[in-house]
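S.K.: sequence plus predicted model, see below.
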Amino acid sequence: MSVEEKLTFEEAMKKLEVIVDKLEEGDIPLEEAISIYKEGMELSKLCHDKLKNVEEQLTQILTEDGRKENFSIGEEE
């Protein structure tokens, strides 16, 4: 398990925000920018995977509780 996988969602988002800020400044060498960009993409995937996992857990909980009817995050009831 890599260090990134042990990060919480909030920690990963904070690191991602720092990376975006650095890249937007544009004052870093190209090689460093590429390295930072790759790290950002990994953090972005990590955040996406964590959100997907939470959504699946919520769906399972609602299914087990007998209240699931086409549940989707963001869907109004």
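M.R.: Yep, it's here. Numbers count the residues shown, from 1 in each chain.
S.K.: when you work out contacts or count neighbours from here on, use the C-alpha atoms and nothing else.
M.R.: Will do.
S.K.: quickly find the element holding residue 48.
M.R.: According to DSSP states H and E, residue 48 maps onto helix 30-64.
S.K.: could you find the closest non-adjacent residue to the residue nearest the centre of the chain?
M.R.: Nearest residue to the geometric centre of the chain (CA atoms, centre = their mean): residue 47, 1.1 Å. Spatial nearest neighbour of residue 47, excluding adjacent residues (CA to CA, 6 or more residues apart in numbering): residue 9 at 5.9 Å.
S.K.: what about that neighbour, neighbour count?
M.R.: Neighbour count for residue 9, taken as other CA atoms under 10 Å: 17.
S.K.: surely it meets residue 48?
M.R.: No - judged on CA atoms under 8 Å, residue 9 makes no contact with residue 48 at a distance of 9.2 Å.
S.K.: ok, now how distant is the residue nearest to residue 47 from residue 24?
M.R.: Per CA to CA, to the nearest Å, residue 9 is found 22 Å from residue 24.
S.K.: same check, this time on residue 62
M.R.: On the measure of CA to CA, residue 62 and residue 24 end up 41 Å apart.
S.K.: for the helix or strand containing residue 17, which helices and strands make contact with it?
M.R.: Residue 17 belongs to helix 9-25 when assigned by DSSP H and E. Helices and strands touching helix 9-25, as assessed by 3 or more CA pairs under 8 Å, 6 or more residues apart in numbering; DSSP states H and E, comprise helix 30-64.
S.K.: which residues of the protein score low on pLDDT?
M.R.: 1-5, 65-77 (pLDDT under 70).
S.K.: tell me, how many residues neighbour the closest residue to residue 43 other than its chain neighbours?
M.R.: Take residue 43 and drop its neighbours on the chain: the residue closest to it by CA to CA, 6+ apart is residue 12, 6.0 Å away. When neighbours are counted by other CA under 10 Å, residue 12 registers 20.
S.K.: for residue 12, give its distance to residue 30.
M.R.: 23 Å.
S.K.: what's the answer for residue 38, then?
M.R.: Distance from residue 38 to residue 30, by CA to CA: 12 Å.
S.K.: comparing these two, which residue is more hemmed in?
M.R.: residue 38 (13 against 10).
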